[in-house]
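Novice: this is a predicted model, with the sequence first.
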Amino acid sequence: MTTPRKITPLAYREDPLGYFAALRSRPGAVLLDSGRPVAPGGRFDILSSDPLVQLEVDEHGRILGDRKLAGLSPFVAQQALLERLPHDVPESDLPFLGGLIGFWSYDLGRRLEPVGSRAVPAVDLPTSRVGLYDWALILDHQHRQGWLVASDERKAQVEQWLAARPPPLDPFRLTTPFQAEMSRAAYLQRFEAVQRYIHSGDCYQINLAQRFSAAFKGDLWAAYLRLRRATPTPFSGFMAWQDKAILSLSPERFIECRNGQVEARPIKGTRPRGATAEEDRQLADALEASLKDRAENVMIVDLLRNDLGRVCVPGSVRVPKLCGLESYANVHHLVSVVKGELDPDRRPLDLLAAAFPGGSITGAPKVRAMQIIDELEPSQRSVYCGSLGYVDVRGHMDTSIAIRTAVADDGHLHLWGGGGLVADSRGEDEYCETLDKIRHLMAALSE
């Protein structure tokens, strides 16, 4: 009989890289990375491997990995999987004591809303992949403590894995430069199409993205380390399997749910960091003063309030922070905070389904914006603009919006850059913004 999960102290480290280096070749290894000690805002790192079950959702919404769950809808199947894990866990403020960790791609949204599917798949990844994890290594950077959550049997295994010599780190290199899927002219043609839709009343805002791809050789963990050095962010993550991987350096929380309290942190409005302190301050001031960027942000806040209102206690949804400035290694952002109280009859996965995909990367109204995105973008977004995160057995959940995210498949790395377009957007400015958001990622991978 399996013993209950316990929480035991583990040596604290300022970042999770050393611990994950020892685990990264294990089946189902996952890292949810707060970007510490450099990135602001993040508190916890969560690491695990060797899930009890790995569940995938294919492009048709079929459940793969467990025959007993076949035929269920994706979020229902994932909830059923979560309920298999015993809930007898100690009282703790730690965010994760066992449960689901994985990703939900943007294209999973096609299963939830009447979007259609004209765009072709960009990569051969499932639309969702989550594992059921019965142990986790957690670093708490606020209290500078490390913890291992595991049964006695798992604890002995994990200690062996951590004590073993990490696998060698093979060099990483791009073998071709990044190539854009769309030319500048093609992007601007699509920009004009978006403007026609906005002016005809179809939408108030549409997020338009473009994809860049390059061939590579070597170790994708080495690539993630480069990206992390270039742009540490509080909602990062790494997971790799077969010839596929997700390398996410996201600054944006999608939805957190903890003890029934819900928080979303939508980002709309971006400026690059300046070369000097004076230039940096000017760019930040210009962003805070921009009526266009604030309007974009407020539109998405209203959309999220509506999404959260579907599953939150009536009257509980509020906006304690609107268009606040947050600065990261390479960009300034306008960030708002939307909070609510989850209806007691609902679960965190109901919350995720109600708001998925995040409004900050679709536009408003959401369904029409997604239909236009499908019409105009040549290929599907895959994990980009989806979510990475966890749902634990007590009902805690935290997920990111997977922007600033590289997806590896079959020897190629793919990056996307996008932005929200409104009636007074300028095509050349928006085109440059898509590059500004990922230029530093391309440069880090090209070293």
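Specialist: Nice, thanks for sending it over.
Novice: how about the contacts made by the residue nearest to the spatial centre of the chain?
Specialist: Per CA atoms, centre = their mean, the C-alpha nearest to the average position across the chain is that of residue 402, at 3.0 Å. Contacts for residue 402 (CB atoms under 8 Å, 6 or more residues apart in numbering) come out as 103, 106, 246, 248, 250, 383, 384, 385, 386, 387, 388. No exception for glycine: its C-beta is placed from N, CA and C like everyone else's.
Novice: where does the protein have low pLDDT?
Specialist: Where the chain drops to pLDDT under 70, the residues are 1-2.
Novice: how far away is residue 437 from residue 211?
Specialist: 13 Å (CB to CB, to the nearest Å).
Novice: contacting residues around stretch 315-326?
Specialist: With contacts defined as CB under 8 Å, 6+ apart, stretch 315-326 is touched by 40-41, 251, 269, 284, 287-288, 293-294, 297-298, 301, 305, 308-309, 332-341.
Novice: may I see the buried residues of it?
Specialist: 316, 317, 319, 323, 326 (16 or more other CB atoms under 10 Å).
Novice: which of these fall in strands?
Specialist: Judged by DSSP state E, these include 319, 323, 326 as members of strands.
Novice: show me where the stretch 1-150 of the chain has helices.
Specialist: Assigned by DSSP state H, counting those that start in this stretch, the helices in the stretch 1-150 of the chain fall at 17-23, 74-82.
Novice: could you check the angle helix 74-82 makes with the helix or strand encompassing residue 350?
Specialist: According to DSSP states H and E, residue 350 maps onto helix 348-355. Here the directions of helix 348-355 and helix 74-82 differ by 170 degrees (axes from the mean of the first three to the mean of the last three CA atoms, to 10 degrees).
Novice: what's the helix or strand just after helix 348-355 in contact with?
Specialist: Counting by DSSP H and E, the element after helix 348-355 in chain order, helix or strand, is strand 363-364. Strand 363-364 is contacted by residues 203-207, 299-300, 302-303, 369-370, 372-373, 420-421 when judged by CB under 8 Å, 6+ apart.
Novice: just stretch 345-359 next, same as before
Specialist: 75, 78-79, 82, 104, 106, 108-109, 112, 252, 254-255, 257, 262, 264, 266, 300, 303-304, 307-308, 310-312, 342, 366, 370, 385-387, 391, 395-397, 399, 401.
Novice: could you turn the buried ones of those residues into a PyMOL selection?
Specialist: Selection of buried members from those for PyMOL, criterion 16+ other CB under 10 Å:
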select buried, resi 75+78+79+82+104+106+108+109+112+252+254+255+257+262+264+266+300+303+304+307+308+311+312+342+366+370+385+386+387+391+395+396+397+399+401
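Novice: more crowded one of residue 437 and residue 211?
Specialist: Neighbours were counted for residue 437 and for residue 211 using other CB atoms under 10 Å; residue 211 has more, 24 against 21.
Novice: any idea how far the more buried one is from residue 200?
Specialist: Going from residue 211 to residue 200 by CB to CB gives 27 Å.
Novice: likewise residue 144?
Specialist: Noted for residue 144: a distance of 55 Å to residue 200, by CB to CB.
Novice: who does the longest strand anywhere in the chain touch, helix- and strand-wise?
Specialist: Assignment by DSSP E gives strand 205-218 as the longest strand of the chain. Packing partners of strand 205-218 (3 or more CB pairs under 8 Å, 6 or more residues apart in numbering; DSSP states H and E): strand 172-174, strand 179-180, helix 184-199, helix 291-309, strand 363-364, helix 366-376, strand 412-421, helix 427-445.
Novice: who does that strand pair up with?
Specialist: strand 172-174 (antiparallel), strand 179-180 (antiparallel), strand 363-364 (antiparallel), strand 412-421 (antiparallel) (DSSP bridges).
Novice: residue 69 is nearest to which of the ones you listed?
Specialist: strand 412-421 (29.2 Å; CB to CB).
Novice: now do the buried residues in the longest strand of the chain.
Specialist: For strand 205-218, using 16+ other CB under 10 Å, the buried residues are 205, 206, 207, 208, 209, 210, 211, 212, 213, 214, 216.
Novice: quick one, it and helix 366-376 angle?
Specialist: Using the same axes, to 10 degrees: strand 205-218 against helix 366-376 is 50 degrees.
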